[in-house]
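Q: This is a predicted model, with the sequence first.
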Amino acid sequence: MRYGILIAAVFGCLAVLLGAFAAHGLKSTLSTEHLAVLQTGVHYQFIHALALLLVAVLAQSRPSRALLLATVFFTLGVVLFSGSLYVLVLTPFKPGLITPVGGGLLVLGWVSLACSAWHKG
């Protein structure tokens with residue numbers, strides 16, 4: 001689960017950088033609504049970076065398929081959910097239904113984490 005720790009660290013670092021960039025670099029160019037959307041993406045990314053770190057630490061002491069799935073779901077969920085919000089605000093592209101798919105993957109990550117408490121392996 002070394003990769004889980006690496007992904008968590010990258011997501012956490014990027015969340016801090018994007019949050020600071022939004023607060024200082026984009027404050028005068030984005031609308032209040034777009035800043036709020038960007039901050040939502042950063043917020044969810046940071047929370048799930050911490051969740052990924054937790055999953056990676058748990059997996060080191062008791063590896064399981066459920067924890068591996070949680071890692072995959074959290075990773076893909078952050079990329080699709082937060083990533084689509086960043087694309088929506090920072091580019092002319094409209095990501096469509098990618099955001100709810102990413103949100104669903106984040107939920108599946110939490111469900112997988114819960115399942116890891118019930119099943120060993």
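A: Sure thing, it's come through.
Q: Against residue 118, how distant is residue 45?
A: Residue 45 sits 28 Å away from residue 118, taking C-beta to C-beta, to the nearest Å as the criterion. (C-beta placed from N, C-alpha, C; glycine too.)
Q: try residue 96
A: Counting by C-beta to C-beta - residue 96 and residue 118 are separated by 35 Å.
Q: More neighbours: the two, which one.
A: Regarding residue 96 and residue 118, a neighbour count based on other C-beta atoms under 10 Å identifies residue 96 as having more, with 10 against 7.
Q: gap between that one and residue 65?
A: Counting by C-beta to C-beta - residue 96 and residue 65 are separated by 32 Å.
Q: do the same with residue 46
A: Taking C-beta to C-beta, one finds residue 46 at 27 Å from residue 65.
Q: Out of the two, name the residue with the larger neighbour count.
A: When neighbours are counted by other C-beta under 10 Å, residue 46 and residue 65 differ, and residue 46 comes out ahead with 19 against 13.
Q: who touches the more buried one in this structure?
A: 11-12, 15-16, 19 (C-beta atoms under 8 Å, 6 or more residues apart in numbering).
Q: Next up, the contacts around the most centrally placed residue in the chain.
A: The chain has residue 78 as the residue nearest its centroid, 2.8 Å off, counting by C-alpha atoms, centre = their mean. By C-beta under 8 Å, 6+ apart, residue 78 lies in contact with 11, 44-45, 48-49, 102, 106.
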